[in-house]
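*Asks:* I'd like to go over a predicted model; first the sequence, then the structure.
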Amino acid sequence: FFLQTSSTLPFKMLVRHFVGSRSINLRSVGYAYQSKRYLCSTTNTKGTGILLMNMGGPATQEEVGPFLHNLFTDTDIIQMPFQSVTAPILAKSRTPKIKKLYEEIGGSPITKLTTIQGEKTVELLDKLSPETAPHIPYIGFRYAGPTIPDALDKMKSDGIKRVIAFSQYPQFSCTTSGSSFNHLWRNIKAKKFGK
């Protein structure tokens, strides 16, 4: 299981990392993390997983409460006294108002948009870098489903051994990309990937 981790690279550089010196004309749309460290080395890979990470959003009314709970209990994004007690109370009190706002827009479109982005990204990567193909998109949201643990479980069941964790946030911040990458690493450790 190979996962990029240590330094930020624009997406264009990420693709060049896999494609080599071939000329490519891509817009930078996010950041990825690169590392030479293998969590579990293997010579038999079933392709490259592209983990598209973002905040996520509630697609249905029922998902608003859990979404807010996950958001307010994340100490990477919000720190408050007695957070384990105050965050659930805050999430519960905000849920009715936020439900109305999501109802007005028909739920969050982020899963649909990220799915389309993932499909287009891997389609391009398959053409540009057939030696690391097939590239398979996985969505890992921080506060709503499909979650990062869901994506890791799916990659493991699919037999994926090489993964690119690709932050979809437009900038790096400890409260956005940082929180998602911390959550990713905690779950990799908890699930004992590479052991």
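*Replies:* Ah, there it is. Since this is a predicted model, take the numbers as computed values, not measurements.
*Asks:* distance from the chain centre to the lengthiest helix in the chain, please.
*Replies:* Using DSSP state H to define each element, the chain has its longest helix at helix 83-104. A distance of 23 Å separates the centroid of the chain from that of helix 83-104, by C-alpha atoms, centre = their mean, to the nearest Å.
*Asks:* helices or strands up against it?
*Replies:* helix 64-72 (3 or more C-beta pairs under 8 Å, 6 or more residues apart in numbering; DSSP states H and E). Quick note: C-beta positions are derived from backbone N, CA and C, even for glycine.
*Asks:* any idea how far Pro66 is from Arg186?
*Replies:* 18 Å (C-beta to C-beta, to the nearest Å).
*Asks:* more neighbours: which of these two?
*Replies:* Pro66 (15 against 12; other C-beta atoms under 10 Å).
*Asks:* give the contact list for the more buried one.
*Replies:* 58, 144 (C-beta atoms under 8 Å, 6 or more residues apart in numbering).
*Asks:* what does Leu51 give?
*Replies:* Contacts of Leu51 were listed using C-beta under 8 Å, 6+ apart, and they are 138-140, 148, 151, 155, 163-166, 184.
*Asks:* at 7 Å instead, please
*Replies:* With contacts defined as C-beta atoms under 7 Å, 6 or more residues apart in numbering, the neighbours of Leu51 are 138, 140, 151, 163-166.
*Asks:* next one: phi and psi at it?
*Replies:* With angles defined as degrees, to the nearest 10, Leu51 sits at phi -90, psi 110.
*Asks:* so that it lines up with my notes, have the first residue be 36 from now on.
*Replies:* Okay, residue one is now 36; in that scheme the one you just asked about reads as Leu86.
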